[in-house]
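Colleague: turn this into a model:
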Amino acid sequence: MGTLGQRPDRTASHRRLITDGGVDESDDEGDADDAESDDAGREEMAAVPIGVKLGSTRTVVSLPDSRGAGDEIIRTLTCLATYEDALTGEERVLYGEEAASEYPDRVQFLLRSGLPEDEDRAALCEKFFSTLIEENDLPAYSAVVYAIPTIDNPAGIENLKSVIEGSNIGGRLVESYPESLCGAIPAFGDDLEAIDEIFLAVNMGSTNLEASAYRRGEQLAPFTTGAVTGNEVDRMIANNVEEETQGRVNIDEQTAREYKETHADFDAFEPFTDVIQQPGGGSHEFTIERSVMDACEDYLDEAVEEVANTFLPELANDHMKVYQLALDRPVVLTGGMACIPGIVDEFEERLGATLQRDVEVITADQPDLAPTIGAKRIAERLVDDD
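Modeller: Okay, the predicted model is just below:
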């Protein structure tokens with residue numbers, strides 16, 4: 001089936017982070033015998049396909065459920081906190097929501113820029129990922145596809161590679177594909193129809209806004225900006241709340257993100273109330289009417305501006321025919337910001353008005369989970385074709 005049916009070429013759409021799993025050659029005959037025995041045993045069982053997205057806010061893993069008929073989803077915050085065991089003095093690790101809620105003073109979010117920024121951050125990320133793998137009993141003999149961001153950061157990619165190489169999964173194979181391609185796969189159907197399409201994908205992530213054209217799985221004219229992000233929306237909401245409450249309420253960005261994820265709605269936003277504890281005792285109840293949606297409206301206008309007036313002209317200049325064909329097909333939104341109710345229709349309307357033409361915009365049912373689900377489907381195909 002298209003590119004995947006014939007095994008993928010090593011194009012810009014695909015990066016092999018690690019070679020096929022298995023043991024290295026050895027001069028020791030005993031080791032060689034053990035390796036042959038291990039390989040023979042593995043031939044009798046199928047590698048488990050796994051999709052992984054190590055996201056700046058959340059990490060999501062998709063693997064077959066117990067019946068093999070659907071997806072089992074593991075979803076957690078990409079953060080960890082360490083503490084000392086009160087009895088043994090050993091270092092212990094908590095990750096995800098547990099770490100964020102129990103140790104807010106020392107929790108570390110590991111991929112704020114989308115990739116591990118340095119070796120120290122990569123080491124922490126490896127510790128986080130290893131703990132997640134162990135606690136969820138992910139199988140070592142597996143075929144793992146990673147959905148990775150489109151960021152021009154060779155050092156960060158190398159750091160991510162070290163995290164992946166240090167994990168205990170992917171014994172059969174490890175591959176990586178662009179996050180926006182993986183996220184588009186569930187939007188087009190129940191299989192891998194997206195791989196045979198020509199289309200545009202816009203990834204509305206926490207740390208970047210990404211846009212790419214895809215031609216039968218090949219990524220063209222990738223565009224990334226850190227000026228329009230979900231994290232910036234959180235900061236804007238926090239500032240707006242202070243202004244709307246005339247300085248009486250200050251919230252942190254984590255609370256602002258919770259407001260956005262819980263209340264933002266382009267179709268039917270409703271004002272909501274919250275309560276804070278006052279210094280010295282007592283509480284203060286306040287109502288939010290504008291802070292959340294003002295930030296989201298500004299974000300959407302800026303996202304449309306970047307896509308229409310920066311990305312698309314560059315695509316037309318480099319690949320005019322693909323530009324023409326892609327605009328006659330659906331534009332796919334992926335990423336956490338695409339989860340806001342009504343944003344797909346609003347993006348479609350505003351992009352169409354800016355381009356002065358009709359456009360169709362679609363997304364998967366769960367845009368934040370879609371890259372991982374798409375990556376798992378690719379892993380399934382790679383196992384079947386191997």
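Colleague: please make it C-alpha for all contacts and neighbour counts, starting now.
Modeller: Fine.
Colleague: which element is D368 on?
Modeller: Taking DSSP states H and E as the criterion, D368 maps to no regular element, lying outside all helices and strands.
Colleague: check contacts around it.
Modeller: Taking C-alpha atoms under 8 Å, 6 or more residues apart in numbering as the criterion, D368 is in contact with T334, G335, G336, A338, C339.
Colleague: how close does it get to T76?
Modeller: Using C-alpha to C-alpha, to the nearest Å, one obtains 12 Å as the distance from D368 to T76.
Colleague: likewise for E360?
Modeller: Summarising the geometry, the distance separating E360 from T76, computed by C-alpha to C-alpha, is 32 Å.
Colleague: from the contacts of D368, which single one is nearest I148?
Modeller: Looking at these and their distance to I148, the nearest is G335, at 12.0 Å (C-alpha to C-alpha).
Colleague: mind checking pLDDT for the closest one?
Modeller: You'll see G335 listed with a pLDDT of 92.
Colleague: spit out the contact partners of it.
Modeller: G183, N203, M204, G205, S206, P367, D368.
Colleague: make TSV from these and add pLDDT, secondary structure and distance to Y146 to it.
Modeller: Supplementary listing: these in TSV, determined by pLDDT from 0 to 100; DSSP: H, G, I helix; E, B strand; the rest coil; distance: C-alpha to C-alpha, whole Å:
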residue	pLDDT	secondary structure	distance to Y146
G183	96	helix	12
N203	95	strand	16
M204	95	strand	18
G205	90	coil	16
S206	89	coil	18
P367	94	coil	16
D368	91	coil	15
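Colleague: from those residues, pick the one nearest Y323.
Modeller: Sorting those by distance to Y323 puts N203 at the head of the list, at 17.7 Å, by C-alpha to C-alpha.
Colleague: surely that closest one meets L209?
Modeller: Yes - under the contact definition of C-alpha atoms under 8 Å, N203 touches L209, with a separation of 5.8 Å.
Colleague: quick one, which of these two is more surrounded?
Modeller: Set N203 next to L209 and count neighbours by other C-alpha atoms under 10 Å: N203 wins out with 28 against 24.
Colleague: for beta bridges, what are the partners of that one?
Modeller: Under the criterion DSSP bridges, N203 forms beta bridges with E210, T334.
Colleague: one step back: most neighbours among the contacts of D368, which one is it?
Modeller: Within the contacts of D368, most neighbours by other C-alpha under 10 Å means T334, with 31 neighbours.
Colleague: contacts only, for it.
Modeller: T334 is in contact with 180, 183-184, 201-205, 363-364, 367-368, 370-371, counting by C-alpha under 8 Å, 6+ apart.
Colleague: try it again with 10 Å
Modeller: For T334, the contacting residues are 179-184, 187, 201-205, 210-211, 362-364, 366-371, by C-alpha atoms under 10 Å, 6 or more residues apart in numbering.
Colleague: swap in R357?
Modeller: Taking C-alpha under 10 Å, 6+ apart as the contact definition, R357 lies against L327, E349, L351.
Colleague: of these, which is the nearest to Q277?
Modeller: When those are ranked by distance to Q277 (C-alpha to C-alpha), E349 comes first, at 41.7 Å.
Colleague: can you tell me the element the closest one falls in?
Modeller: Element membership of E349 [criterion: DSSP H and E] is helix 343-355.
Colleague: what comes into contact with the helix or strand following that helix?
Modeller: Once the chain leaves helix 343-355, the next helix or strand it forms, by DSSP H and E, is strand 361-363. With C-alpha under 10 Å, 6+ apart as the test, strand 361-363 has contacts from 183-188, 200-202, 329-335, 338-339, 343-349, 351-352, 370.
Colleague: which parts of the stretch 101-250 of the chain are strands?
Modeller: Counting by DSSP state E, counting those that start in this stretch, one finds strands in the stretch 101-250 of the chain at the ranges 108-109, 142-148, 173-178, 198-204, 209-215, 218-225.
Colleague: same question, the stretch 251-386 of the chain
Modeller: For the stretch 251-386 of the chain, applying DSSP E, counting those that start in this stretch gives strands covering 272-277, 283-288, 331-334, 361-363.
Colleague: walk me through which strands the shortest one pairs with, and which way each runs.
Modeller: Using DSSP bridges, the neighbouring strands of strand 361-363 in the sheet come out as strand 331-334 (parallel).
Colleague: show me what counts as buried in stretch 176-190.
Modeller: When neighbours are counted by 16 or more other C-alpha atoms under 10 Å, the buried residues of stretch 176-190 are found to be 176-188.
Colleague: out of the residues you listed, which is nearest to K321?
Modeller: Of all those, L181 has the smallest distance to K321: 19.8 Å, by C-alpha to C-alpha.
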